[in-house]
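**Student:** Provide a 3D model corresponding to the input given below.
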Amino acid sequence: MKTIKAAFLDRDGTINVEKGYLNNPDDVELYPNAAKAIKRFNDAGFVVFGISNQSGIARGYFTADQVREVNGRVMELLVAENAEVKEILFCPHHPKGIVPEFSIPCECRKPGTGMVKTALEKYGFTLSESVVIGDKICDVELGKNIGARTALVETGYGKEEMVKIGETGSPKPDFFASGLWEATLLLLNGHR
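**Tutor:** Residues are numbered from 1 along each chain as shown. Modelled structure (predicted):
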């Protein structure tokens, strides 16, 4: 198995603008400098993955195929700016959903580590260094669960989540950042 450095990035609210249960590829809008940030990770030797909780599938709001179409559009927009994401993985589950096959507890829903394990097994990797960036506490918790450095971004739900961290004593990220670009620069500081 090849050892890699990996960047696990949340999709909605981190790479692309949070629009609430996004189900139409035409509505995908990248944050400014998102592609530039991912390219910076690429150039630093990181393999980049998207990881996204998509409970809208379990809730009956949209299908897994619709999520795949949105993921395809995100990746298409990134490739157009020379940024490479290996794959965007997603968890379709939520214990309180209404679609029986997806309304279950699982290991893939963040902060569970299932999506990371899937990526590593699928591509034959082990981790030497990894980072996790997202706009929710569950992203920070996922990072802690895999021994990664973490950043919480202010975009998406990030500002509200920063307040919750202070109020609830949830794990603090290594960095608070205005967005993906700043988070990338902060996390790459010290990486060779």
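**Student:** For residue 82, give me its contacts.
**Tutor:** Applying Cβ atoms under 8 Å, 6 or more residues apart in numbering, one finds that residue 82 lies in contact with 35, 39. (Each C-beta comes from the backbone N, C-alpha and C, glycine too.)
**Student:** how much space between it and residue 182?
**Tutor:** Summarising the geometry, the distance separating residue 82 from residue 182, computed by Cβ to Cβ, to the nearest Å, is 20 Å.
**Student:** Kindly report the same for residue 3.
**Tutor:** From residue 3 over to residue 182 the distance is 28 Å, taken as Cβ to Cβ.
**Student:** Of these two, give the one with the bigger neighbour count.
**Tutor:** Between residue 3 and residue 182, counting by other Cβ atoms under 10 Å, residue 182 is the more crowded of the two (17 against 9).
**Student:** Am I right that the more buried one is in a helix?
**Tutor:** Yes - under DSSP: H, G, I helix; E, B strand; the rest coil, residue 182 falls within a helix.
**Student:** Spatially nearest residue to it (excluding sequence neighbours)?
**Tutor:** When the adjacent residues along the chain are set aside, residue 182 lies closest to residue 153, with 7.8 Å between them (Cβ to Cβ, 6 or more residues apart in numbering).
**Student:** Which residues does that neighbour form beta bridges with?
**Tutor:** residue 177 (DSSP bridges).
**Student:** For it, list the residues it contacts.
**Tutor:** Contact analysis of residue 153 by Cβ under 8 Å, 6+ apart lists 13, 14, 133, 134, 135, 177, 178, 179, 180, 182, 183.
**Student:** ok, how many other residues are close to residue 104?
**Tutor:** Applying other Cβ under 10 Å, we find 13 other residues in the vicinity of residue 104.
**Student:** That one and residue 91, how far apart?
**Tutor:** As it turns out, when the distance is counted by Cβ to Cβ, residue 104 lies 11 Å from residue 91.
**Student:** With residue 130 instead?
**Tutor:** Relative to residue 91, and taking Cβ to Cβ, residue 130 is found at 18 Å.
**Student:** got it, and residue 64?
**Tutor:** From residue 64 to residue 91 the distance is 11 Å (Cβ to Cβ).
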